[in-house]
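Engineer: test case, fold it:
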Amino acid sequence: MTVVLSIFVFLHIVGAAMIVGPWIANMKKPTVGARQFDGAMTQLVTGIILVGLITVLSKQADSNVASPDYVKLTVKFIIAVVVGALAFVGNRRRKAGDPVAPGLAHAVGGLALLNIAIATIWP
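Structural biologist: From the prediction side, this is the model:
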């Protein structure tokens, strides 16, 4: 079961890279790309699956997986939903040929980076 957990952690990190990578690459001319929306959805789906897996694994006697911190996970979930919504709006504007506000593009990347910081720094 820990192999399955590791696979979903890997996919979750790939989702984060799909959001933050294009944001950093386009820092001078900020926009929201299609892969950023895909990354946000990857993050949401794998994050929900990870919460379920961690909850189950933490209750097994022979597992070394700690109990989930539901406050931390709730904060991360709220930020992820906001990132997904902003990426959706920015992607729609870009597809329609409308300009994407730099603030919107920076919000998508910055909030995703904040979520990574919460995941790694919050104990």
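
Engineer: can you give me the strands for the protein?
Structural biologist: Using DSSP state E, no strands are assigned anywhere in the chain.

Engineer: so what's the residue most central in space within it up against?
Structural biologist: What sits nearest the mean C-alpha location of the chain, by C-alpha atoms, centre = their mean, is Gln43, with 3.8 Å. With contact taken as C-beta atoms under 8 Å, 6 or more residues apart in numbering, Gln43 is in contact with 12, 15-16, 19, 80, 83-84, 112, 115. In this view, the C-beta of every residue, glycine as well, is placed from N, C-alpha and C.

Engineer: what separation do you get for the nearest residue to Phe88 once chain neighbours are set aside and Val71?
Structural biologist: Nearest residue to Phe88 in three dimensions, chain neighbours excluded: Phe37, at 5.8 Å (C-beta to C-beta, 6 or more residues apart in numbering). From Phe37 across to Val71, the span is 27 Å (C-beta to C-beta, to the nearest Å).

Engineer: again, but for Arg92
Structural biologist: 32 Å.

Engineer: of the two, who's got more company?
Structural biologist: Arg92 (13 against 9; other C-beta atoms under 10 Å).

Engineer: distance of the more buried one from Tyr70?
Structural biologist: Counting by C-beta to C-beta, the gap from Arg92 to Tyr70 is 33 Å.

Engineer: what's the answer for Ile48, then?
Structural biologist: Using C-beta to C-beta, Ile48 is found at 13 Å from Tyr70.

Engineer: more neighbours: which of the two?
Structural biologist: Neighbour count, other C-beta under 10 Å: between Ile48 and Tyr70, Ile48 has more, with 14 against 11.

Engineer: ok, and the closest non-adjacent residue to the more buried one?
Structural biologist: In space, Ile48 is closest to Phe77, 7.9 Å off (C-beta to C-beta, 6+ apart).

Engineer: show me where the protein has helices.
Structural biologist: Secondary structure of the chain by DSSP state H: the helices cover 2-25, 34-58, 70-95, 102-121.
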